[in-house]
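[1] Need a 3D model of the following:
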Amino acid sequence: MMLLAIEQGNTNTLFAVHDGADWIAQWRTATESTRTADEYAVWLSQLLTMRGLEMKALSGCIISSVVPQSIFNLRNLSRRYLSVEPLVIGDNVELGIPVRILKPSEAGADRLVNAIGAHLEYSGDLIVIDSGTATTFDIVASDGAFEGGIIAPGVNLSLQALHEAAAMLPRIAIQKPDRVIGKDTVSNMQSGVFWGYIALIEGLVARIKAEWGKPMTVIGTGGVVSLFEGATESIDRFDPDLTIRGLLEIWRRNSHLKA
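    All right, here's what the predicted structure looks like:
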């Protein structure tokens, strides 16, 4: 079995291939809601060829997307070029976990997938921090249930807002500044964003733990969160494979639905 897993966020889309034993290839592309199935196919087939793989070797597809207008094209990519009906998170796919929030239908597909991926790897109660367009803090109970969480603006979104709303502030890259107190505009902005997000993480993790009242392990995932590795003790583990691990588990739980 060769599985194509697609995890689409608002900023980036991950394509990963699992051969039944291991993840053998991963690629990221910018999320563009207007990209057609044909455009995806041209891009993907070239990358597969570079790895010595072929589109026709892919025998399954699972899709998690928070961009509703893109799901049609991703579904058509699977149907037209893989000749398989994809599993789409949120489309009558069995997740196998309780969703203990007021309106379970409002839970983002990416957050539920992360919850499953985290529960598979770590025991006890968990906080999963994932930073993309938004920074999310998700609570996963020891039985694997999604208990809700927090949504805050993402780092890049904050940088973009600073640049666009203040005429004198330049567009900058995220990096750890040498000092907390900046000596010029760029170092001021870098400190505000970097150490500001560290403070956000530390403050919210502390408040979540106090409210939860039981020990919790904090897992960081996503490319942006990895920038904070070594800068805070509030995150216990950094796990870049949380999402694709969750997608693979959902695929296995729903393998009877394969077309």
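
[2] ok, which stretches of the protein are strands?
    3-8, 12-18, 23-30, 60-65, 87-88, 125-131, 134-140, 146-153, 216-221, 237-238 (DSSP state E).

[3] Now tabulate those strands in TSV and tack on distance to residue 101 and mean neighbour count.
    Where you see a C-beta, it was placed from the backbone N, CA and C, and this is true even at glycine. Conversion of these to TSV gives the following (distance: least, CB to CB, whole Å; neighbours: other CB atoms under 10 Å):
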stretch	distance to residue 101	mean neighbour count
strand 3-8	21	24
strand 12-18	25	20
strand 23-30	29	14
strand 60-65	18	25
strand 87-88	21	22
strand 125-131	15	25
strand 134-140	10	22
strand 146-153	5	17
strand 216-221	18	22
strand 237-238	24	16
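
[4] would you list those strands in TSV and tack on distance to residue 196 and mean pLDDT?
    Shown next, in TSV, are the strands of the chain (distance: least, CB to CB, whole Å; pLDDT from 0 to 100):
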stretch	distance to residue 196	mean pLDDT
strand 3-8	27	95
strand 12-18	23	94
strand 23-30	26	94
strand 60-65	29	94
strand 87-88	36	94
strand 125-131	13	95
strand 134-140	11	94
strand 146-153	11	95
strand 216-221	17	96
strand 237-238	20	94
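
[5] so which of the ones you listed gets nearest residue 95?
    strand 146-153 (8.8 Å; CB to CB).

[6] Tell me the helices and strands packed up against that closest one.
    helix 109-121, strand 134-140, helix 185-212 (3 or more CB pairs under 8 Å, 6 or more residues apart in numbering; DSSP states H and E).

[7] Go again with 10 Å.
    The helices and strands touching strand 146-153, judged by 3 or more CB pairs under 10 Å, 6 or more residues apart in numbering; DSSP states H and E, are helix 109-121, strand 125-131, strand 134-140, helix 155-165, helix 185-212.
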